[in-house]
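> the sequence and its predicted three-dimensional model are supplied below.
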Amino acid sequence: MKPLVKLGIWVGVILLLAVLYALTPVGPITRAAVRGIGAGIARRPGIAWAREQMDQEQDPGSASQTPDNMDEIRSLIEAGQDRQGEDAVEAAIEQYRRAVDLDEAYAPSRVALAGAYMQLGRNEEAIAELQRATELAPDQAFVWFRLGALLVREERYDAAIDALEAGLALDDSDADAHYWLGVALHYRTFEDTSRAVSELERSVSLDPEAPENHYQLALAYTNRDWPDDAARAIQAYQRVVALDPEQTEAYYHLGQLYMREGDSEQALEAWRFYVAHSDDPERSETVTTWIATVESAQSE
């Protein structure tokens with residue numbers, strides 16, 4: 001085949017894939033990612049923070065104001081934690097509500113209650129408890145972070161950003177908080193990608209072993225699309241699969257980026273892995289079409 005004809009075929013392949021990539025809806029993909037990552041909304045459970053606060057208040061040197069009926073509140077919160085551990089979440093909620101009724105101004109009871117609501121997917125009730133907890137304990141970064149992360153999951157990005165920034169003003173060293181702030185900034189409009197990248201890079205620097213940090217950073221690099229951002233995104237996705245080989249979505253995006261960079265062999269390898277392991281039949285069918293298109297051009 002004449003070189004110019006072959007070049008024309010490859011130009012056509014690249015243009016076709018570029019069109020397919022452009023037509024891939026970014027919003028639904030990334031919002032689906034938010035719902036997925038929301039399931040593990042914080043590595044540190046709210047009940048753990050509540051128990052830590054109670055332990056600190058039991059310390060004779062603590063400056064915190066301890067409720068007069070602290071022993072009864074502690075007993076109820078511990079009972080609630082036991083019920084949660086047994087998957088009896090409604091029973092746990094009853095214990096936590098009783099603790100709140102004993103002292104409505106005690107933030108740890110509300111944080112524990114919010115965690116139980118979250119476990120049942122009752123996120124609006126959890127948000128209400130966490131908002132009240134931030135009013136009662138505005139100097140506790142964890143409560144702001146917990147609220148912000150849940151608001152991101154609910155796609156209430158402006159409120160999430162406010163909460164996360166309030167928490168980071170108290171503690172700038174929390175990797176999860178930078179992660180959720182980066183996600184919120186990115187998904188809010190898909191235009192504030194520079195700030196999103198900065199926050200996600202910070203989260204990666206604080207916790208380089210968390211694959212989801214690298215995954216969201218790669219998405220932000222791709223959408224920002226500065227010079228060398230494609231290469232940066234490839235490196236981030238490569239880190240994702242090194243940390244979590246079962247993260248098939250990374251291979252989907254890697255294939256697209258490799259094609260963008262002109263490396264069809266790497267693209268095919270990534271896409272074949274994706275098709276072999278993905279649980280999304282509709283997208284697998286699309287990727288299979290892409291593979292066939294590239295393989296057809298290679299055989300010419």
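Received it, and whenever you're ready, just let me know what you need.
> low-confidence regions, this structure specifically.
1-45, 57-65, 300 (pLDDT under 70).
> hmm, 80 instead?
Scanning the chain for pLDDT under 80 picks out 1-48, 54-67, 299-300.
> how does it divide up, domain by domain?
Segmentation of the chain into domains, based on automatic domain parsing, reads 1-39+164-300, 44-137.
> turn these into a markdown table, columns for distance to residue 155.
C-beta coordinates here come from the backbone N, C-alpha and C atoms, glycine included. As requested, the domains of the chain are exported to a markdown table (distance: least, Cβ to Cβ, whole Å):
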| stretch | distance to residue 155 |
| --- | --- |
| domain 1-39+164-300 | 7 |
| domain 44-137 | 11 |
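> now tabulate those in TSV and tack on mean neighbour count and distance to residue 153.
Listed next are the domains of the chain as TSV, based on neighbours: other Cβ atoms under 10 Å; distance: least, Cβ to Cβ, whole Å:
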stretch	mean neighbour count	distance to residue 153
domain 1-39+164-300	17	3
domain 44-137	18	7
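> those: which one's closest to residue 152?
domain 1-39+164-300 (5.0 Å; Cβ to Cβ).
> next up, the contacts around residue 192.
Taking Cβ atoms under 8 Å, 6 or more residues apart in numbering, we find residue 192 in contact with 185-186.
> helices along the stretch 101-250 of the chain, start to end?
Taking DSSP state H, counting those that start in this stretch as the test, the helices found in the stretch 101-250 of the chain are 107-119, 123-136, 141-153, 157-170, 175-189, 193-206, 211-224, 229-243, 248-260.
> contact partners for the residue lying closest to residue 173 once chain neighbours are set aside?
Closest residue to residue 173 apart from its sequence neighbours, by Cβ to Cβ, 6 or more residues apart in numbering: residue 206 at 6.7 Å. Residues near residue 206 by Cβ under 8 Å, 6+ apart: 173-175, 178.
> contact partners of stretch 156-168?
134, 138, 141-145, 147-149, 151-152, 174, 177-178, 180-181, 184-185, 187-188.
> how about a cut-off of 7 Å?
141, 144-145, 147-148, 151-152, 177, 180-181, 184-185, 187-188 (Cβ atoms under 7 Å, 6 or more residues apart in numbering).
> for those, which one is nearest residue 66?
Checking these one by one against residue 66 (Cβ to Cβ), the nearest turns out to be residue 141, at 20.9 Å.
> quick check: that closest one touching residue 169?
No. The criterion here is Cβ atoms under 7 Å, and residue 141 misses it with residue 169 at 8.3 Å.
> which element is the closest residue to residue 275 other than its chain neighbours on?
With sequence-adjacent residues excluded and distances taken as Cβ to Cβ, 6+ apart, residue 275 is closest to residue 284, at 5.0 Å. Residue 284 is part of helix 281-299 when elements are defined by DSSP states H and E.
> hmm, back to that, so which of the contacts of residue 206 is the closest to residue 98?
Using Cβ to Cβ, these come closest to residue 98 at residue 174, 31.1 Å.
> packing partners for the helix holding residue 284?
Counting contacts by 3 or more Cβ pairs under 7 Å, 6 or more residues apart in numbering; DSSP states H and E, helix 281-299 is packed against helix 3-23, helix 264-277.
> got the CA positions of the last one in PDB?
Listed next in PDB are the C-alpha coordinates belonging to helix 264-277 (Å, rounded to 0.1, in the frame of the first residue of the first chain):
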ATOM      1  CA  SER A 264      -1.800   2.200  19.100                       C
ATOM      2  CA  GLU A 265      -0.200  -1.000  20.500                       C
ATOM      3  CA  GLN A 266      -0.400   0.300  24.100                       C
ATOM      4  CA  ALA A 267      -4.000   1.400  23.400                       C
ATOM      5  CA  LEU A 268      -5.000  -2.000  22.100                       C
ATOM      6  CA  GLU A 269      -3.400  -3.700  25.100                       C
ATOM      7  CA  ALA A 270      -5.200  -1.500  27.500                       C
ATOM      8  CA  TRP A 271      -8.600  -1.900  25.700                       C
ATOM      9  CA  ARG A 272      -8.300  -5.700  25.400                       C
ATOM     10  CA  PHE A 273      -7.700  -5.900  29.200                       C
ATOM     11  CA  TYR A 274     -10.700  -3.600  29.700                       C
ATOM     12  CA  VAL A 275     -13.000  -5.700  27.600                       C
ATOM     13  CA  ALA A 276     -11.800  -8.900  29.200                       C
ATOM     14  CA  HIS A 277     -12.500  -7.700  32.800                       C
END
